[in-house]
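A.B. asks: Predicted model and sequence follow; I will ask about them next.
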Amino acid sequence: MSEPRPDYLPEAIREKLIHDPRVAEQDLRVQVQEHRVMLGGNVASPQLKQRITEVAKELLPDYEVVNETTVVSASEPDSEEPVS
Amino acid sequence: MIRIAAVGDLHYGAGSKEILRPSLQHLQDRADVLLLAGDLTRCGGPEEVNVLADELRGLPIPVVAVLGNHDYNSDRQDEVRRVLEDARVRVLEGEAAAIDIDGVRIGIAGTKGFGGGFRGAHGSDFGEPEMKAFVGHTKVLSDRLERALTGLDADLRIALLHYSPIEATLEGERLEIYPFLGSYLLAEAVDNAGADLVLHGHAHHGAEKGRTPAGIPVRNVAQPVIRHAYNIYTLDAGRQVLPAAAGGIS
């Protein structure tokens, strides 16, 4: 497999983040500008957010990784919704 | 009033321990049943679902689940199901469960569901075997859902899915991936059979609320959408409810 061309680099990163079992996230948003990778989306824990950064850096050690993913709250809801 | 707690897309892995547990401690005071809308694990490994099962084991209210696409990724979905069932979680796939709560019988029909798209833009089981298999899978699961819902003898009926039955709860997702997020065939099955509420997950960037074409409320309970450990929906069974302990699953 050849190195991905720059135009296809975001997809290569996305594929890595989907298939690496340490992450396995299908809904991350990836942008690449110059030598900077920007990651967005929602993650379940600070630990997962850290692993995403690690996996991206393993794939692209020469790139800066800016992980702007949001850790989603797992708190109790404040209220109920009547639906019927 | 029956209180339904629901969440999907928990994506539990080995490092997920204790993420949910603090919010489950008082769940029995707030809800009568907990429904899980699939993608309970990250990659479908039994070791992943074990972490979640440990958090659910011993909950004093019934727990009913469907699996999601992530739970199939390791081709070990049967083991995932067994681990959950050992923790007294009822797992549905084209099946139904009935729960008696305070004299009200709640029926839940569940399936993972699958994709294909929505009215006017749905794939067809035509052409290559791969395309026939893709759409054919959705048709089979939708048919089973309709049969399971129709067969329920209950005061309230809930359809529990992973994939979405409607487009409204996908708003926020890229239009190009709608065919991989759900199918109108699931909504048609629910509308044919009738239900009081449809719950699904899978669409992390979607919206929470919508309705089927026949007007049945749909809620996308993917955890990144609801941004809580679960949401609670109340349903009025239209009858006097008696105070009693939560019942078992039949």
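C.D. replies: Received, thanks.
A.B. asks: same for the longest helix anywhere in chain B, what does it pack against?
C.D. replies: The single longest helix within chain B, with elements called by DSSP state H, is helix B:129-150. With contacts taken as 3 or more Cβ pairs under 8 Å, 6 or more residues apart in numbering or on different chains; DSSP states H and E, helix B:129-150 sits against strand B:95-101, strand B:104-111, strand B:156-161, helix B:184-193. C-beta: built from backbone N, CA, C; applies to glycine.
A.B. asks: what mean pLDDT does that helix have?
C.D. replies: Averaged over helix B:129-150, pLDDT sits at 98.
A.B. asks: How far away from the center of its chain is that helix?
C.D. replies: 16 Å (Cα atoms, centre = their mean, to the nearest Å).
A.B. asks: swap in stretch B:61-69?
C.D. replies: Distance of stretch B:61-69 from the chain centroid (Cα atoms, centre = their mean) equals 6 Å.
A.B. asks: Stretch B:115-122 too?
C.D. replies: The answer for stretch B:115-122 is 20 Å, by Cα atoms, centre = their mean.
A.B. asks: now stretch B:22-32
C.D. replies: Once both centres are worked out by Cα atoms, centre = their mean, stretch B:22-32 turns out to sit 19 Å from its chain's centre.
A.B. asks: tell me which residues in it are buried?
C.D. replies: B:23-24, B:27, B:31-32 (16 or more other Cβ atoms under 10 Å in any protein chain shown).
A.B. asks: Is chain A within reach of it?
C.D. replies: Yes - Stretch B:22-32 is in contact with chain A by Cβ under 8 Å from any Cβ of the partner chain, via B:22-23, B:26, B:30.
A.B. asks: and the residues you listed, which of them are in strands?
C.D. replies: When DSSP state E defines the strands, the subset of the residues of stretch B:22-32 next to chain A inside them is empty.
A.B. asks: what does stretch B:225-234 contact?
C.D. replies: Residues from elsewhere that reach stretch B:225-234, judged by Cβ atoms under 8 Å, 6 or more residues apart in numbering or on different chains: A:72-77, A:79-84, B:1-7, B:20, B:23-24, B:27, B:30-31, B:34, B:197, B:203-208, B:219, B:221, B:223.
A.B. asks: List buried residues within those residues.
C.D. replies: A:72, A:74, A:76-77, A:80, A:83, B:2-7, B:20, B:23-24, B:27, B:31, B:34, B:197, B:203-208, B:219, B:221, B:223.
A.B. asks: Tell me which residues touch A:Gln33, please.
C.D. replies: No contacts exist for A:Gln33 under Cβ under 8 Å, 6+ apart.
A.B. asks: what does B:Asp86 give?
C.D. replies: Residues in contact with B:Asp86, defined by Cβ under 8 Å, 6+ apart, are B:Ala53.
A.B. asks: per-residue pLDDT, it?
C.D. replies: pLDDT, B:Asp86: 97.
A.B. asks: State the distance from it to chain A.
C.D. replies: In this view, B:Asp86 and chain A are 23 Å apart by Cβ to the nearest Cβ, to the nearest Å.
A.B. asks: quick one, phi/psi of that residue?
C.D. replies: The phi/psi pair for B:Asp86 (degrees, to the nearest 10) reads phi -70, psi -20.
A.B. asks: Okay, now the unreliable bits of chain A?
C.D. replies: Within chain A, the ranges that satisfy pLDDT under 70 run A:1.
A.B. asks: Spell out, range by range, the strands that occur in it.
C.D. replies: Ranges of strands within chain A are A:29-33, A:36-40, A:42-43, A:64-67, A:70-71, A:80-82, based on DSSP E.
A.B. asks: what about B:Ala159, neighbour count?
C.D. replies: Neighbours of B:Ala159 under the rule other Cβ atoms under 10 Å in any protein chain shown: 32.
A.B. asks: is it true that it touches B:Gly110?
C.D. replies: Yes - using Cβ atoms under 8 Å, B:Ala159 is in contact with B:Gly110, at 7.4 Å.
A.B. asks: So the spatially most central residue of chain A versus A:Ile18, what's the distance?
C.D. replies: By Cα atoms, centre = their mean, chain A has its centre lying nearest to A:Leu28, at 4.3 Å. Using Cβ to Cβ, to the nearest Å, A:Leu28 is found at 8 Å from A:Ile18.
A.B. asks: Run through the strands of chain B in chain order.
C.D. replies: Under DSSP E, chain B gives strands at B:2-7, B:33-37, B:63-66, B:89-91, B:95-101, B:104-111, B:117-118, B:121-122, B:156-161, B:197-200, B:209-211, B:217-220, B:231-235, B:246-249.
A.B. asks: can you put these in TSV and add distance to B:Glu167?
C.D. replies: Output for the strands of chain B, formatted as TSV (distance: least, Cβ to Cβ, whole Å):
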stretch	distance to B:Glu167
strand B:2-7	20
strand B:33-37	18
strand B:63-66	20
strand B:89-91	28
strand B:95-101	26
strand B:104-111	19
strand B:117-118	5
strand B:121-122	9
strand B:156-161	14
strand B:197-200	12
strand B:209-211	8
strand B:217-220	10
strand B:231-235	21
strand B:246-249	32
